[in-house]
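Participant: take this sequence and fold it.
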Amino acid sequence: MADAAIQTVERRNSLRRRIDKPARLLIDQTSAADCIVRNLSDSGALIMVGHTSYLPETVVLVIPELNFQRRAKVKWRRARSIGLVFK
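Facilitator: Down below sits the predicted model:
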């Protein structure tokens, strides 16, 4: 009998690192949203926020503790999380 294990396809181009760090999403010149970065890779990040509907398609992710700042596009949205891909 063939192996019935379910395999998942990894579509990411780079390794993710779990970091769980506080951060901010810069929305425009005057607006920002607090968030938590759950994981981070060279190509994107998983972000937890209070609500995702008000976020535009493009944001700047700032992680002060890591001296990190990158422009990113929202790739997907859930009720309290978003996937970012860096530009």
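Participant: quick one, strands of this structure?
Facilitator: For the chain, the strands defined by DSSP state E occupy 17-26, 32-40, 44-48, 58-63, 68-77, 81-86.
Participant: want to try a markdown table for the ones you listed, with mean pLDDT as columns?
Facilitator: Formatted as a markdown table, these follow (pLDDT from 0 to 100):
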| stretch | mean pLDDT |
| --- | --- |
| strand 17-26 | 97 |
| strand 32-40 | 97 |
| strand 44-48 | 98 |
| strand 58-63 | 98 |
| strand 68-77 | 97 |
| strand 81-86 | 97 |
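Participant: please work out which of these is packed deepest.
Facilitator: strand 44-48 (a mean of 21; mean count of other Cβ atoms under 10 Å). Heads up, the C-betas are built off the backbone N, CA and C, glycines and all.
Participant: how about residues contacting it?
Facilitator: 12, 16, 23, 25, 35-39, 61, 72, 75, 80-86 (Cβ atoms under 8 Å, 6 or more residues apart in numbering).
Participant: cool, stretch 65-76 as well?
Facilitator: With Cβ under 8 Å, 6+ apart as the test, stretch 65-76 has contacts from 19, 21-22, 44-45, 55-63, 82-87.
Participant: what's the answer for stretch 22-35, then?
Facilitator: The contact list for stretch 22-35 (Cβ under 8 Å, 6+ apart) reads 36-37, 47-50, 54-56, 59-65.
Participant: distance from the chain centre to that stretch, please.
Facilitator: In terms of Cα atoms, centre = their mean, to the nearest Å, the centre of stretch 22-35 is set 13 Å apart from its chain centre.
Participant: straight-line length of it, end to end?
Facilitator: 6 Å (Cα to Cα, to the nearest Å).
Participant: ok, now stretch 67-86?
Facilitator: So stretch 67-86: terminal residues 16 Å apart, Cα to Cα.
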